[in-house]
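Peer 1: This is a predicted model, with the sequence first.
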Amino acid sequence: MGAVRNILVASVLAVHGSASAVALTLEQCTRVVRGWNGWEIQHRDLGHGRVSYRESWNAEGIYLDLIVSDCASGETVRTRVREEMVKPRPAFDRTRRGLDVIDRHARRAPALFRISVLAEDLAAVGEDTVVTVAAMESCACAALYPEHRGPKTEFEGN
């Protein structure tokens, strides 16, 4: 099945000339990152040009980061909600609490949603919370909100 899919993708690319011609789905955004022990998983549409996903690592230690991005501005918040044997601190798992914070913010009216406010609430639950402005489009943004790319570098495949 994988070989058939590769042939189909190669055929589509040959006809259209680039990977950007192939529309992505959220399922295609699940991918291996940071070697073979890390993953980007569970991409979700939060509505109004916002997406979330998880980055996890499972090798010498375990971590799980929750990430929320505003596809238009590129503002992204990342917080660690689970960790074991990664840093010299006690193990913790606050995944459910972090997801509850994200869900609560996602239900707010679009005019009231702010990454900075979400980051403050996530910092009270998670660890190492940071806000950045992405220079490159995330896979979930490419799949759901390609019209919000703006000057960001286009996402290019897995």
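Peer 2: Structure's in. What do you need?
Peer 1: so what does the helix or strand hosting residue 46 touch, helix or strand wise?
Peer 2: Using DSSP states H and E, residue 46 maps to strand 38-47. On a contact count with 3 or more Cβ pairs under 8 Å, 6 or more residues apart in numbering; DSSP states H and E, strand 38-47 meets strand 31-33, strand 50-58, helix 95-106, helix 139-144. The way it works is simple: take the backbone N, C-alpha and C, and place the C-beta from them, glycine included.
Peer 1: Note down every partner strand of that strand and its orientation.
Peer 2: Its sheet considered, strand 38-47 pairs with strand 31-33 (antiparallel), strand 50-58 (antiparallel) by DSSP bridges.
Peer 1: mind listing what's buried in that strand?
Peer 2: 38-40, 43-44, 46 (16 or more other Cβ atoms under 10 Å).
Peer 1: again with stretch 135-150
Peer 2: For stretch 135-150, by 16+ other Cβ under 10 Å, it's 137-145, 148-149.
Peer 1: what's the farthest-apart pair in those residues?
Peer 2: 139 and 148 (13.5 Å; Cβ to Cβ).
Peer 1: Now that residue 97 has come up, it's in contact with residue 66, right?
Peer 2: No. Under the criterion of Cβ atoms under 8 Å, residue 97 makes no contact with residue 66, lying 10.2 Å away.
Peer 1: Tell me which of these two has more neighbours.
Peer 2: Higher neighbour count among residue 97 and residue 66: residue 66, with 25 against 13, using other Cβ atoms under 10 Å.
Peer 1: Next SSE downstream of whichever helix or strand that one is part of?
Peer 2: Using DSSP H and E, residue 66 sits in strand 62-70. For strand 62-70, the following helix or strand on the C-terminal side (DSSP H and E) is strand 75-84.
Peer 1: what about that next one, distance to the chain center?
Peer 2: 11 Å (Cα atoms, centre = their mean, to the nearest Å).
Peer 1: Specify the beta-bridge partners of the residue nearest the centre of the chain.
Peer 2: By Cα atoms, centre = their mean, the chain has its centre lying nearest to residue 53, at 3.7 Å. Each beta-bridge partner of residue 53 is listed here: residue 67, as defined by DSSP bridges.
Peer 1: That one reaches residue 43, doesn't it?
Peer 2: Yes. Assessed by Cβ under 8 Å, residue 53 is found in contact with residue 43 at 4.3 Å.
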